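Q: no sequence for this one, just the structure:
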């Protein structure tokens, strides 16, 4: 049979079959999820996004919003006094050390954001690199890394963060050192999570035909790894990142609460403020603990709502159907 | 995800009958060793990276010659690898070192305070089960309705609230403002005295009080446990609720549920039996993984309520910069977590043969 017997597709039919590349807006993780969502899920995602954006804005604009600095004990030569209830000068009262609660809550957002961003940036970088190498090349390196990451994963993350914080800073430190130390402590806890996610995806992508053909035509390993494998293995990253961001904040607060945070004069940190407020609670002083605590809850809630919604929207079994007619 | 992690890839498919579970138990038991070894090694070398623990704890408080003497006596001037081997040998024999600040064997701290943490963890688990299972079933059954929405937001809220903040709020509301419940501790001074007078205490106050037959002590012990149990239990309940919901949604969509409904099986029975039972395996496995979270939560809860358990002691030793004690308690918690995960996996394998192939 000669080739002329075969029907030759015209250019127009070929064009029809070609996949329509979705617009850039639709391919961005959060935006595309937002477009897919309906009803309650959309509500949760939007609420989460609003809170998260608000948190970032407050953190960025802290110098403008906060009336005083985080370690200021007096204004115009008049001391605030310690443990003062909310008043006109200190709208949320003062702490046991005579700091303004409102200012410390606002400045705390900045510390929290810095730590979260630093922790996630470090752990993504290390986690992806290890996951990629481990998943793609396999062998003994893979086995060793998997065992180690499983061991760390099963361990209480707060305790590991405590150990790391002892190692890095012996507990106490200044602003930049403290942020870095806390971020690194959290990084060690989270690297295994990114490692697992990326590795499991890489193992699947590795055996895909396009990777094999790339190998056959002699594409160098580095290019295969970065272009062919990595680009196709980052599907679940947005979900993991958002869920980790909230966990990072909780770990930071937990460290601070155990007295392993950043010194009160170096920066404002919500967990540390709560630590100082434990004794206040017993004597009925509610304002020193309530506001930093609420700040933590609100931010974690916002980020978790985003993460949860992204997770549900990426999983077709959990996605709310667009026309839920008679949902069973 | 959790099931992937526990299924040993090396197990070949079995053809003969019998012995499958035992084989699984043995392999799983052997897998504990590398896990614990890695953690012990990791913690040991990390803690030694920045110098010896004696200088950390007592540096500046003792004259240099005495400091050097104590360092030599504890063997911290030997090569690191030798110290490591000695430490490892100690851990195998149940010797986790001796604390620096009060010179007590760490294992003694475990025996004395471990039971308090166990008691708190059991109470918290009871709270978590009682809250999460019925609510999780409701959320799954009423999926995407308002009940589901409310419950899911509550679950996220329970997760988002740091456990120490929940503890502080509960304390403020119920102990300080309403005055209904005690502020802190495991019992009133009278009960504590009573407990220290028992000759062979289990350390679990409720059991001890029951054994004494002292009604007032039983009431007092339970009264003190309410707030800590709720604080720790609610955090866990949030996670469990989501777990139950997701898994039951999966099983509710199965055809046998529909066929059961067509045969006229009651809705209540459909949810609690047909859907919930098969969903139990992943639920149990993931719940087992939460032991780690529960222990970390216990550290914070115990600190808030001055519940004198392992976590409270850990925080105390952290404050005193006694890193031998910290290392000992951390390693012990690693062992507890590894053993609990082992037990959970065995339970899951005993219930569902698919886990062990």
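A: Nice, I can see it. This is a predicted model, so every value here is computed, not measured.
Q: where in chain A is pLDDT low?
A: A:1-30, A:35-38, A:74-83, A:88-89, A:169-177, A:261, A:264, A:315-328 (pLDDT under 70).
Q: 50 instead?
A: A:1, A:171, A:323-328 (pLDDT under 50).
Q: the strands in it, which residues?
A: With DSSP state E, the ranges of strands along chain A come out as A:74-75, A:78-79.
Q: for chain B, what are the nearby residues on the stretch 151-300 of chain A?
A: A:151-159, A:162-164, A:166-167, A:170-171, A:246, A:250, A:253-254, A:257-260, A:271, A:274, A:277-278, A:281-284, A:286, A:289-290, A:293, A:296-297, A:300 (Cβ under 8 Å from any Cβ of the partner chain). Every C-beta, even on glycine, is put in place using the N, C-alpha and C of the backbone.
Q: For PyMOL, what selects the buried ones among these?
A: To isolate the buried ones among those in PyMOL, judged by 16 or more other Cβ atoms under 10 Å in any protein chain shown, type:
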select buried, chain A and resi 151+152+153+154+155+156+157+158+159+162+163+164+166+167+171+246+250+253+254+257+258+259+260+271+274+277+278+281+286+289+290+293+296+297+300
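Q: looking at it, residue A:196 is touching residue A:154, isn't it?
A: No - under the criterion of Cβ atoms under 8 Å, residue A:196 is not in contact with residue A:154, lying 11.9 Å apart.
Q: Give me the neighbour count for residue 149.
A: If you meant another chain, say so; for now it's chain A. 23 (other Cβ atoms under 10 Å in any protein chain shown).
Q: My question was about chain B, not that one.
A: 18.
Q: Do you know the pLDDT at it?
A: pLDDT, the model's per-residue confidence, is 81 for residue B:149.
Q: Tell me how far it lies from residue A:39.
A: 9 Å (Cβ to Cβ, to the nearest Å).
Q: swap in residue B:30?
A: Remark: distance between residue B:30 and residue A:39 (Cβ to Cβ) = 50 Å.
Q: Of the two, which one has the most company?
A: residue A:39 (13 against 10).
Q: quick one: the more buried one and residue A:308, what's the gap?
A: Distance from residue A:39 to residue A:308, counting by Cβ to Cβ: 15 Å.
Q: now swap in residue B:203 and tell me
A: Applying Cβ to Cβ to residue B:203 and residue A:308 gives a distance of 40 Å.
Q: Mind naming the longest helix for the chain?
A: Going with chain A. helix A:101-137 (DSSP state H).
Q: if you could check chain B rather than the one you did, that'd help
A: Longest helix in chain B, counting by DSSP H: helix B:215-252.
Q: For that helix, list every residue counted as buried.
A: Neighbour counts over helix B:215-252 (16+ other Cβ under 10 Å) mark B:217-218, B:220-221, B:224-252 as buried.
Q: and that helix, anywhere near chain A?
A: Yes - using Cβ under 8 Å from any Cβ, helix B:215-252 comes into contact with chain A via B:246, B:249, B:250, B:252.
Q: Those into CSV, with extra columns for distance to residue B:84 and pLDDT?
A: Listed next are the residues of helix B:215-252 next to chain A as CSV, based on distance: Cβ to Cβ, whole Å; pLDDT from 0 to 100:
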residue, distance to residue B:84, pLDDT
B:246, 43, 82
B:249, 49, 81
B:250, 46, 79
B:252, 52, 78
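Q: ok, residue 46 - contacts?
A: In the absence of a named chain, this looks at chain A. residue A:34 (Cβ atoms under 8 Å, 6 or more residues apart in numbering or on different chains).
Q: right idea, wrong chain: chain B
A: Contacts here follow Cβ under 8 Å, 6+ apart; on that basis residue B:46 touches A:163, A:164, A:167.
Q: List just the nearest of the residues you listed to residue B:196.
A: residue A:163 (32.7 Å; Cβ to Cβ).
Q: Alongside chain B, which residues does the stretch 1-150 of chain A contribute?
A: A:39, A:40, A:44, A:147, A:148, A:150.
Q: Show only the entries of those residues found in helices.
A: Under the assignment DSSP H, the residues of the stretch 1-150 of chain A next to chain B contribute A:39, A:40, A:44, A:147, A:148, A:150 to helices.
Q: Pick out the residue closest to the middle of chain A.
A: In chain A, the residue lying closest to the centroid (Cα atoms, centre = their mean) is residue A:245, at 2.1 Å.
Q: Hmm, it is touching residue A:299, no?
A: No - Residue A:245 is beyond contact range of residue A:299, at 9.1 Å (criterion: Cβ under 8 Å).
Q: OK, contacts around the residue nearest to residue A:190 when sequence neighbours are not counted?
A: Of all residues not flanking residue A:190 in the chain, residue A:123 sits nearest, at 4.0 Å (Cβ to Cβ, 6 or more residues apart in numbering or on different chains). The contact partners of residue A:123, by Cβ under 8 Å, 6+ apart, come to A:186, A:187, A:190, A:191, A:193, A:194, A:244.
Q: Among the residues you listed, find me the one that's closest to residue B:274.
A: Residue B:274 lies nearest to residue A:193 out of the contacts of residue A:123, by Cβ to Cβ, at 34.2 Å.
Q: For that closest one, grab the count of nearby residues.
A: 19.
Q: give the contact list for it.
A: By Cβ under 8 Å, 6+ apart, residue A:193 lies in contact with A:123, A:127, A:153, A:240, A:244.
Q: and of those residues, the nearest to chain B?
A: Nearest to chain B, judged by Cβ to the nearest Cβ, of the contacts of residue A:193 is residue A:153 at 7.7 Å.
Q: Am I right that that closest one is in contact with residue A:196?
A: Yes - in this structure residue A:153 lies within contact range of residue A:196 using Cβ under 8 Å: 7.2 Å.
Q: Tell me where the stretch 151-300 of chain B has helices.
A: B:163-170, B:189-196, B:205-212, B:215-252, B:255-262, B:267-269, B:276-305 (DSSP state H, counting those that start in this stretch).
Q: which of these has the lowest average pLDDT?
A: The bottom spot among the helices of the stretch 151-300 of chain B, by mean pLDDT, belongs to helix B:189-196, with a mean of 69.
Q: where's the residue in the stretch 1-150 of chain B positioned nearest to chain A, which helix or strand?
A: Closest residue of the stretch 1-150 of chain B to chain A, Cβ to the nearest Cβ: residue B:38 (4.2 Å). Residue B:38 belongs to helix B:20-48 when assigned by DSSP states H and E.
Q: mean confidence score for that helix?
A: 81.
Q: what do you get for stretch B:126-138?
A: On average, stretch B:126-138 scores 87.
Q: Report the buried residues of that stretch.
A: Buried, per 16+ other Cβ under 10 Å, within stretch B:126-138: B:127, B:128, B:129, B:131, B:132, B:133, B:135, B:136, B:137, B:138.
Q: Would you mind pulling the contact partners of it?
A: Taking Cβ under 8 Å, 6+ apart as the rule, stretch B:126-138 contacts B:147-148, B:151, B:154, B:229-230, B:232-234, B:236-238, B:240-245, B:248, B:271-272, B:275-276.
Q: now residue B:97: how far from residue B:106?
A: 5 Å.
Q: Of these two, give the one with the bigger neighbour count.
A: Neighbours were tallied for residue B:97 and for residue B:106 using other Cβ under 10 Å; the higher tally belongs to residue B:106 (24 against 20).
Q: Skipping adjacent residues, who's closest to the more buried one in space?
A: Nearest residue to residue B:106 in three dimensions, chain neighbours excluded: residue B:328, at 3.1 Å (Cβ to Cβ, 6+ apart).
Q: report the angle between the axes of the host helix or strand of the one you found and helix B:276-305?
A: Per DSSP H and E: residue B:328 is located in helix B:323-351. Between the axes of helix B:323-351 and helix B:276-305, defined by axes from the mean of the first three to the mean of the last three Cα atoms, to 10 degrees, the angle is 170 degrees.
Q: Contacts only, for residue 164.
A: Unless you meant another one, I'm taking chain A. Residue A:164 neighbours (Cβ under 8 Å, 6+ apart): A:181, A:184, A:185, A:188, A:189, B:46.
Q: Sorry, I should have been clearer: chain B.
A: Neighbours of residue B:164 in contact, by Cβ under 8 Å, 6+ apart: A:254, A:257, A:274, B:300, B:301, B:303, B:304.
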